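Asker: Everything below, folded, please.
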Amino acid sequence: MHPYKNQRAVLTTKHDKLALIAPAMLETIGLEVSEVKLDTDQLGTFSGEIPRIGSPLDSAIANA
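Answerer: Just a heads-up that it's a prediction; the model follows:
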């Protein structure tokens, strides 16, 4: 049994990723994922249009 089975998680996103991520998490490990809309681009974009301040870890923590 996976340690996240029957647990709940939250995905912060601006780009509607829930439809892509949630079904796979539920099917593979039993994790129920819900979404909180947040302008995560404020923290920097992968494309570099908005520079990231800090490390990737700093961005991940800020997103959380």
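Asker: Now do the strands for this protein: every range, in order, please.
Answerer: Counting by DSSP state E, the chain forms strands over residues 8-13, 32-37, given from the N-terminal end onward.
Asker: neighbours around the closest residue to residue 32 other than its chain neighbours, how many?
Answerer: Beyond its immediate neighbours in the sequence, the residue positioned closest to residue 32 (CB to CB, 6 or more residues apart in numbering) is residue 8, lying 4.8 Å away. Bear in mind the C-beta positions are built from the backbone N, C-alpha and C, glycine included. Using other CB atoms under 10 Å as the criterion, residue 8 is surrounded by 9 other residues.
Asker: Just the pLDDT at residue 8, thanks.
Answerer: The confidence metric pLDDT takes the value 97 at residue 8.
Asker: Do I have it right that it meets residue 26?
Answerer: No. Between residue 8 and residue 26 no contact is recorded; they are 10.6 Å apart, counting by CB atoms under 8 Å.
Asker: Quick one: the helices in this protein, in order.
Answerer: Counting by DSSP state H, the segments of the chain that form helices are 18-29, 56-63.
Asker: Now distance to residue 46, mean neighbour count and mean pLDDT too, for these, in JSON lines please.
Answerer: JSON lines is the format used below for those (distance: least, CB to CB, whole Å; neighbours: other CB atoms under 10 Å; pLDDT from 0 to 100):
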{"stretch": "helix 18-29", "distance to residue 46": "16", "mean neighbour count": "12", "mean pLDDT": "96"}
{"stretch": "helix 56-63", "distance to residue 46": "10", "mean neighbour count": "12", "mean pLDDT": "80"}
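Asker: any chance of the ones you listed in JSON lines, plus distance to residue 41?
Answerer: Shown next, in JSON lines, are these (distance: least, CB to CB, whole Å):
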{"stretch": "helix 18-29", "distance to residue 41": "17"}
{"stretch": "helix 56-63", "distance to residue 41": "11"}
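Asker: Thank you kindly, that will do.
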